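Pasting the sequence and the predicted coordinates here, then a few questions.
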Amino acid sequence: MPQSVLVRPVRQDDFPAWKPLWDGYNAFYGREGASSLAPGITQTTWRRFFDAEEPVYALVAERQGKLLGLAHYLFHRSTTRIELTCYLQDIFTLPPERGRGIGRALIEEVYQQARSKDVKRVYWQTHESNSAGRLLYDKVALHSGFIVYAQDL
């Protein structure tokens with residue numbers, strides 16, 4: 001039986017362990033080498049997680065002190081809803097840890113954070129080729145015909 005995973009908000013001292021997850025996420029979507037993000041984007045993104053004026057948040061999944069996954073989300077207005085909407089912008093699990101409930105735990109915690117702010121919808125998108133991710137997403141959200149997932153809460 002797999003050991004339990006703790007999903008929690010990212011902390012300032014997590015940067016050295018968060019950065020390889022962030023790099024892995026970006027590499028998955030082809031942002032590596034010559035096409036990698038400028039370092040300033042990573043630094044700005046990191047700072048936003050700790051800025052109370054920013055609507056951007058980060059969660060990490062941890063087991064025995066090791067970070068295994070991340071989720072970044074933000075709250076924003078919508079033209080089709082009165083209340084805020086939550087966009088799960090980034091989600092990533094280390095490849096050897098996939099299929100062990102980490103992605104689901106991260107998504108469920110984003111749902112919980114949204115509920116705590118009276119947000120009724122969480123949505124995200126993925127590339128159509130992300131078949132492993134889509135197996136999970138099809139279990140925890142509704143596929144709308146676009147490569148966008150949403151779940152009313």
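Everything's here; your move.

As a check, name the ranges of all strands in this protein.
Per DSSP state E, the chain carries strands over the ranges 6-9, 56-63, 66-76, 85-93, 121-125, 142-143, 148-152.

Report the angle between the second one and strand 85-93.
Translated: strand 56-63. Relative orientation of strand 56-63 versus strand 85-93 (axes from the mean of the first three to the mean of the last three C-alpha atoms, to 10 degrees): 30 degrees.

packing partners for strand 56-63?
Contacting strand 56-63 under the criterion 3 or more C-beta pairs under 8 Å, 6 or more residues apart in numbering; DSSP states H and E are the following elements: strand 6-9, helix 15-28, strand 66-76, helix 102-116. Every C-beta, even on glycine, is put in place using the N, C-alpha and C of the backbone.

got a list of what the closest residue to L6 other than its chain neighbours touches?
The shortest distance from L6 to any non-neighbouring residue, by C-beta to C-beta, 6 or more residues apart in numbering, is to E62 (4.8 Å). For E62, the contact set (C-beta atoms under 8 Å, 6 or more residues apart in numbering) comprises 5-8, 68.

Q43: which of these is nearest?
R8 (22.0 Å; C-beta to C-beta).

can you count the residues close to the closest one?
Neighbourhood size, R8 [other C-beta atoms under 10 Å]: 12.

same thing with A105?
20.

List the contacts of it.
By C-beta under 8 Å, 6+ apart, the contact set of A105 is 5, 7, 61.

Between the residues you listed, identify the one with the most neighbours.
A61 (26 neighbours).

Give me the pLDDT value at the residue nearest to that one when sequence neighbours are not counted.
Spatial nearest neighbour of A61, chain neighbours left out: G69 (3.9 Å); criterion: C-beta to C-beta, 6+ apart. Looking at G69, its pLDDT is 98.

what sits opposite the nearest residue to L59 once chain neighbours are set aside in the beta ladder?
Among residues not flanking L59 along the chain, A71 sits closest, at 4.6 Å (C-beta to C-beta, 6+ apart). Counting by DSSP bridges, A71 forms beta bridges with L59, I91.
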